[in-house]
Each structure stands twice: as structure tokens, then as C-alpha cells.
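[1] give the three-dimensional model of this entry:
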Amino acid sequence: MCFIGELSFTGGVRGVRGVLPMVISAKEAGRKEIFVPEANSAEAAVVDGVKIFGISHISELLYHLKGNKKLEPVKP
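    Presented below is the predicted three-dimensional model:
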């Protein structure tokens, strides 16, 4: 797993610049699931061979990791 983004004090996940090279590097490092800000999810989804999950709030990630509410990978 890999996590990319900026977390606000309110729990929101903000978009960041440079997501595409970060996702490529994560893939090369063997990461299979990458969590990115919803605002960057379309850009990140162009990389083949990894599952991209877009999140807008930290609670979405926590529910997913606990198995309470699974996120669907972003389609390119």
C-alpha cells in the first residue's frame, strides 16, 4: 500500500502536484494499491498494473482499511 496526499486538520484529503511520477515510483517499488486524493485520482489511474483509490476524507480510508466500507478502484 501507498498513501499520497495532504491531510487537513479537519480530515479532508487535499490534492497534490506530481502524483503521476509518485504513482509510477510506487509501482516500481512493488506497491499494488495506492490511495490518492480524489482530485488526483484520474491522473493516477492512467498507470497500469496498480489499483488506484481516490479519497476525499480520512474516514473513507479508515472504513476501507477496517473492512467496514470497501472503496472501488478508480477506472482509467
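
[2] could you pull out the strands in the chain for me?
    Assigned by DSSP state E, the chain shows strands spanning 2-3, 6-7, 13-14, 33-37, 51-55.

[3] can you list the ones you listed in JSON lines and add mean pLDDT and mean neighbour count?
    Where C-beta positions appear, they are placed from N, C-alpha and C, glycine not excepted. What follows is the strands of the chain, written out as JSON lines (pLDDT from 0 to 100; neighbours: other Cβ atoms under 10 Å):
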{"stretch": "strand 2-3", "mean pLDDT": "97", "mean neighbour count": "16"}
{"stretch": "strand 6-7", "mean pLDDT": "97", "mean neighbour count": "12"}
{"stretch": "strand 13-14", "mean pLDDT": "98", "mean neighbour count": "19"}
{"stretch": "strand 33-37", "mean pLDDT": "98", "mean neighbour count": "22"}
{"stretch": "strand 51-55", "mean pLDDT": "97", "mean neighbour count": "21"}
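
[4] mind checking which of the ones you listed is nearest residue 20?
    Proximity to residue 20, assessed across the strands of the chain by Cβ to Cβ, is greatest for strand 33-37 (10.1 Å).

[5] quick revisit: between the strands of the chain, which gets nearest to residue 71?
    Comparison of those against residue 71 by Cβ to Cβ identifies strand 51-55 as nearest, at 4.7 Å.

[6] which residues are contacting that closest one?
    5, 13, 23, 32-41, 44-45, 61, 64, 71-74 (Cβ atoms under 8 Å, 6 or more residues apart in numbering).

[7] picking that back up, got CSV for the strands of the chain, with distance to residue 27 too?
    As requested, the strands of the chain are exported to CSV (distance: least, Cβ to Cβ, whole Å):
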stretch, distance to residue 27
strand 2-3, 9
strand 6-7, 21
strand 13-14, 20
strand 33-37, 8
strand 51-55, 10
